[in-house]
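**Q** Requesting a structural model of the entry that follows:
(one chain, ligands or ions: 2)
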Amino acid sequence: MNEAKPIRRLLASLLAVAGLTLGIVTVAPEAQAASPADRCPRGALCFYFNSDWNGAQANFYRPVDGFLGNDRFRRGSGYRPGNGVGVPVGNNAASVINRTGHAVFLSDGTQCTGRSRQINPGATRNLAAIGLKNQVSSFMAHQVGAGAACVGDGMR
Ligand SMILES: [Ca+2]
Ligand SMILES: [Ca+2]
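**A** Ligands and ions are numbered 1, 2, ... in the order given. Have a look, this model is predicted:
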């Protein structure tokens, strides 16, 4: 009888298990393929200089900002991330991601005046699609409540 056969069979199954393990290791990164929302940290409202969440980025963690003219885009993680760095956010944002966990209202006037559009939690929106491309001047999270003063104006 040939005693090498069982050993060969054992080696073959070990190699199969190793291959399977390697397969899982190489597949894992693809399973985590970047979605647009990954470009915005949890808890933040993120504006982008370009459409489709590209270009320079501005992350806000406060619930209100009544004047976005004194906030500036910084280097983002999207396509051509330097595009728009240093430009004021007010009247220059082309897309937005809302990871605040709350509905947020974007307004084309300062202090949340003028036209307003709701961005739901988790939404990734091109502002052209809601008529606010290069027009957003202020925002307020729903949690603040109606009647709350839209006066937060911190520099970032
Ligand atoms: Ca405006
Ligand atoms: Ca501001």
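**Q** Break the protein down into its structural domains.
**A** The chain resolves into domains spanning 1-33, 36-144 when parsed by automatic domain parsing.
**Q** Up against ligand 1, what does the protein have?
**A** Neighbours of ligand 1 within the chain, by CB under 5 Å from the ion: N91, D108, Q135, S137. For the C-beta atoms, the positions are set from N, CA and C on the backbone; glycine is no exception.
**Q** could those go into JSON lines alongside distance to R125, secondary structure and neighbour count?
**A** Shown next, in JSON lines, are the residues of the chain next to ligand 1 (distance: CB to CB, whole Å; DSSP: H, G, I helix; E, B strand; the rest coil; neighbours: other CB atoms under 10 Å):
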{"residue": "N91", "distance to R125": "17", "secondary structure": "coil", "neighbour count": "15"}
{"residue": "D108", "distance to R125": "15", "secondary structure": "coil", "neighbour count": "19"}
{"residue": "Q135", "distance to R125": "13", "secondary structure": "coil", "neighbour count": "20"}
{"residue": "S137", "distance to R125": "17", "secondary structure": "coil", "neighbour count": "23"}
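**Q** before we move on, back to that, among the domains of the chain, show the one with the smallest mean pLDDT.
**A** Averaged per stretch, pLDDT over those is lowest on domain 1-33, reaching a mean of 55.
**Q** sorry, back to before: now render the residues of the chain next to ligand 1 as JSON lines, adding distance to ligand 2.
**A** As requested, the residues of the chain next to ligand 1 are exported to JSON lines (distance: CB to the ion, whole Å):
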{"residue": "N91", "distance to ligand 2": "12"}
{"residue": "D108", "distance to ligand 2": "15"}
{"residue": "Q135", "distance to ligand 2": "16"}
{"residue": "S137", "distance to ligand 2": "10"}
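**Q** Greatest separation within these: which pair is it?
**A** Farthest apart among the residues of the chain next to ligand 1 by CB to CB are N91 and D108. That separation is 8.3 Å.
**Q** Quick one: name the residues of the protein near ligand 2.
**A** Counting by CB under 5 Å from the ion, the chain sits next to ligand 2 at D65, F67, N70, D71, D153.
**Q** Considering those residues, which possesses the most neighbours?
**A** D65 (27 neighbours; other CB atoms under 10 Å).
**Q** right, and that one touches A141 too?
**A** No. Using CB atoms under 8 Å, D65 is not in contact with A141, being 10.0 Å away.
**Q** Run through the strands of this structure in chain order.
**A** Assigned strands in the chain, in chain order: 45-48, 57-60, 64-65, 95-98, 104-107, 116-119, 124-126, 138-141 (criterion: DSSP state E).
**Q** Noted, bye for now.
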